[in-house]
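Asker: Build the 3D model from these lines:
(one chain, ligands or ions: 1)
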Amino acid sequence: MSGETILVADDDRAIRTVVSHALGRQGYEVRTTGNAATLWRWVSDGEGDLVVTDVVMPDGNGLDLIPQIRKIRPDLRVIAMSARNTLLTAIKATERGAFEYLPKPFDLTNLVDTVQRALKSQTEVPGDITPQTPDEEPMPLIGRSPAMQEVYRIIARLTGTDLSVLITGESGTGKELVARALHDYSRRKLRPFVAVNMAAIPRELIESELFGHEKGAFTGATSRKSGRFEIADGGTLFLDEIGDMPLEAQTRLLRVLQEGEYTMVGGRSPIKTDVRIVAATHRDLRQLVSQGLFREDLYYRLNVVPIRLPPLRERREDVPDLVRHFLAEAAENGLPLKTVTEAAMSRLMSHRWPGNVRELENLVRRLAALYAQDRIDQDIIEAELGESPSFAEEESAGTGGSESLHDAVHRHLTAYFDAHGNQLPAAGLHMRILREVERPLIEICLKATRGNQVRTAELLGLNRNTLRKKIRELDITVSRGGRDDE
Ligand SMILES: Nc1ncnc2c1ncn2[C@@H]1O[C@H](COP(=O)(O)OP(=O)(O)OP(=O)(O)O)[C@@H](O)[C@H]1O
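Answerer: Residues are numbered from 1 along each chain as shown. Predicted coordinates for the structure are as follows:
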């Protein structure tokens, strides 16, 4: 029996009961109350060895108590639990100096673990006694799913650090928004946040874009130009689509991370830099490392703190909050405020969202702008989403792929155009590109049917003769095999 006393405050009697049973079973003395005033009285009377408190109580806010508690009893640890579960709650809990923040509902074993850790912990809990984040601040990130709460906890824990973060997730999951939140809740918030997308800059220009160039460094460099590192000095540099960074630029970036200085393209003298790096990618960087396309040492430097943003279809419970948020946003922009029916919301929740939050945001904007009804019903959603899942959705569902077909094609085409510099590609593009797509499509269907042309024609919805003609024209080799062979 440990004999330590834990003070538990929560206005929900059921929670008081389960928490007190769970802790009592571990041998702790437990005292419970449903209000903030009693908790404060106990603490000021010098009672208790640890506090476990709810945030919203009828007579006060548990988070607001923490700075006061720390002032009079700096060694008393406080664990905050809340059902509000927003980024702001997580940030405030950390800022005010909570030992740990547990979003409700939580696992009791998790609570017991946290209590044991808190009682053992000797180190001073960081956190400012004076709260910085105002209570009413627009929420930068929406969603209270467990996955998002984990993201909020990580962001909250990183507020006092300059650690490099690598954010992974499909396109449109909110990677840039998370990078901004990391910046906005860091010590660097008054300095610049600079975002650079590696996939959007022609490869040969990436180094000069990042590090700047001296006059005459290359043809076309008619004057000295600052790089993004210089612009972001003191702040945060967000390197989006880091997987698309060419190897030479990777080497340069690694040097900056190791030595805190860089040289401009065509420059000699090293320039000191103080920039926090947040990188993001929708690709599997480990795989790029194993293919020799991404430097392993750089990968470890960037991936100090990994944050994974799950696709929207893995956190469907966030859809209603997001829909309401985007509808309210549209209303702020002068459109009429609309609501959606319950059936419509269910349909939205069951959609696969290959384009993730961005796709949902665009859909809600369309709903707000194009429809006269105040209440959006299921029929409208059905018409917008289409009855059957789109090809792109099936495609990414089947492969579990991290990128939608549309995005992948877009990326390839952008690279294709970039490769031509200022020139346009040769005429006849439509036909050439369709063939590029048609060939792997037919090949893969043939492979799936083990070379059975009758079934391939069915699968593709093509006439058998048309398929034969295409196989000939595209010079596709048909290898037959397996039991399915006819
Ligand atoms: N949790 C969220 N709450 C509110 N808005 C969100 C959220 N996640 C994403 N969004 C919105 O969705 C859009 C896409 O987000 P963002 O640009 O951050 O995604 P991304 O993962 O960086 O995409 P890409 O990889 O294509 O650049 C933005 O308009 C963003 O504001």
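Asker: What number of residues are in the vicinity of the closest residue to the ligand within the chain?
Answerer: Nearest residue of the chain to the ligand, counting by Cβ to the nearest ligand atom: G174, 2.6 Å away. Quick note: C-beta positions are derived from backbone N, CA and C, even for glycine. Using other Cβ atoms under 10 Å, the number of residues around G174 comes to 23.
Asker: is it true that it touches R308?
Answerer: No - using Cβ atoms under 8 Å, G174 is not in contact with R308, being 11.7 Å away.
Asker: wait, what's in contact with the residue of the chain closest to the ligand?
Answerer: Residues in contact with G174, defined by Cβ atoms under 8 Å, 6 or more residues apart in numbering, are 141, 309, 356-357.
Asker: Distance-wise, check V323 relative to E361.
Answerer: Distance, V323 to E361, by Cβ to Cβ, to the nearest Å: 10 Å.
Asker: so where's the longest helix in the chain?
Answerer: Using DSSP state H, we find that the single longest helix of the chain is helix 429-448.
Asker: pull the CA atoms of the following helix or strand past it into PDB?
Answerer: Using DSSP states H and E, the helix or strand that follows helix 429-448 in sequence is helix 453-460. Taking Å, rounded to 0.1, in the frame of the first residue of the first chain, the C-alpha atoms of helix 453-460 are listed here in PDB:
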ATOM      1  CA  GLN A 453      -8.300 -11.600 -72.900                       C
ATOM      2  CA  VAL A 454     -12.100 -12.400 -72.700                       C
ATOM      3  CA  ARG A 455     -12.100 -11.500 -69.000                       C
ATOM      4  CA  THR A 456      -9.800  -8.500 -69.500                       C
ATOM      5  CA  ALA A 457     -12.300  -7.100 -72.100                       C
ATOM      6  CA  GLU A 458     -15.100  -7.600 -69.600                       C
ATOM      7  CA  LEU A 459     -13.200  -6.000 -66.800                       C
ATOM      8  CA  LEU A 460     -12.400  -3.000 -68.900                       C
END
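Asker: I would like the residues contacting helix 453-460, please.
Answerer: By Cβ under 8 Å, 6+ apart, helix 453-460 touches 441-442, 445-446, 448-449, 463-464, 466-468, 471, 478, 484, 486.
Asker: For the chain, list the residues in contact with the ligand, please.
Answerer: 141-143, 169, 171-177, 240, 282, 357-358, 361 (Cβ under 6 Å from any ligand atom).
Asker: run the last query once more with 8 Å
Answerer: 139-143, 148, 167, 169-180, 197, 240-241, 280, 282, 309, 318, 322, 325-326, 356-358, 360-361, 407 (Cβ under 8 Å from any ligand atom).
Asker: now, which of the contacts of G174 sits nearest T109?
Answerer: Of all the contacts of G174, L309 has the smallest distance to T109: 26.5 Å, by Cβ to Cβ.
Asker: What residue, apart from its backbone neighbours, is nearest the closest one spatially?
Answerer: G169 (3.2 Å; Cβ to Cβ, 6 or more residues apart in numbering).
Asker: try R187
Answerer: In space, R187 is closest to G160, 7.0 Å off (Cβ to Cβ, 6+ apart).
Asker: Now for the one you found, how many residues are close by?
Answerer: For G160, the count of nearby residues is 15 (other Cβ under 10 Å).
Asker: Wasn't it part of a strand?
Answerer: No - going by DSSP: H, G, I helix; E, B strand; the rest coil, the assignment for G160 is coil, not a strand.
Asker: measure it to P74 for me?
Answerer: 18 Å.
Asker: contacting residues for the residue nearest to L309?
Answerer: 175, 280, 282, 308-311, 356.
Asker: Just put these in CSV and tack on pLDDT.
Answerer: Converted to CSV, the contacts of G169 look like this (pLDDT from 0 to 100):
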residue, pLDDT
K175, 96
A280, 97
H282, 93
R308, 96
L309, 96
P310, 94
P311, 96
N356, 95
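Asker: could you flag which of the residues you listed are buried?
Answerer: Buried subset of the contacts of G169 (neighbour count, 16 or more other Cβ atoms under 10 Å): 175, 280, 282, 309-311, 356.
Asker: among those, which are in helices?
Answerer: 175, 356.
Asker: Need the buried ones among the contacts of G169 in JSON lines (columns: distance to R347).
Answerer: Output for the buried ones among the contacts of G169, formatted as JSON lines (distance: Cβ to Cβ, whole Å):
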{"residue": "K175", "distance to R347": "27"}
{"residue": "A280", "distance to R347": "30"}
{"residue": "H282", "distance to R347": "26"}
{"residue": "L309", "distance to R347": "24"}
{"residue": "P310", "distance to R347": "21"}
{"residue": "P311", "distance to R347": "18"}
{"residue": "N356", "distance to R347": "17"}
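Asker: Using just helix, strand and coil, how would you label I380?
Answerer: Under three-state DSSP, I380 comes out as helix.
Asker: Tell me if P306 really is in a strand.
Answerer: Yes - counting by three-state DSSP, P306 is located in a strand.
Asker: Can you give me the buried ones in stretch 285-302?
Answerer: 285, 288-289, 293-295, 298-299, 301-302.
Asker: My error: substitute stretch 139-154 in the last question.
Answerer: Residues of stretch 139-154 classed as buried: 140-145, 147-149, 151-154 (neighbour count, 16+ other Cβ under 10 Å).
Asker: okay if I get the residues you listed as a markdown table plus secondary structure and pLDDT?
Answerer: Formatted as a markdown table, the buried residues of stretch 139-154 follow (DSSP: H, G, I helix; E, B strand; the rest coil; pLDDT from 0 to 100):
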| residue | secondary structure | pLDDT |
| --- | --- | --- |
| P140 | coil | 83 |
| L141 | coil | 92 |
| I142 | coil | 94 |
| G143 | coil | 92 |
| R144 | coil | 89 |
| S145 | coil | 91 |
| A147 | helix | 91 |
| M148 | helix | 92 |
| Q149 | helix | 90 |
| V151 | helix | 93 |
| Y152 | helix | 93 |
| R153 | helix | 89 |
| I154 | helix | 93 |
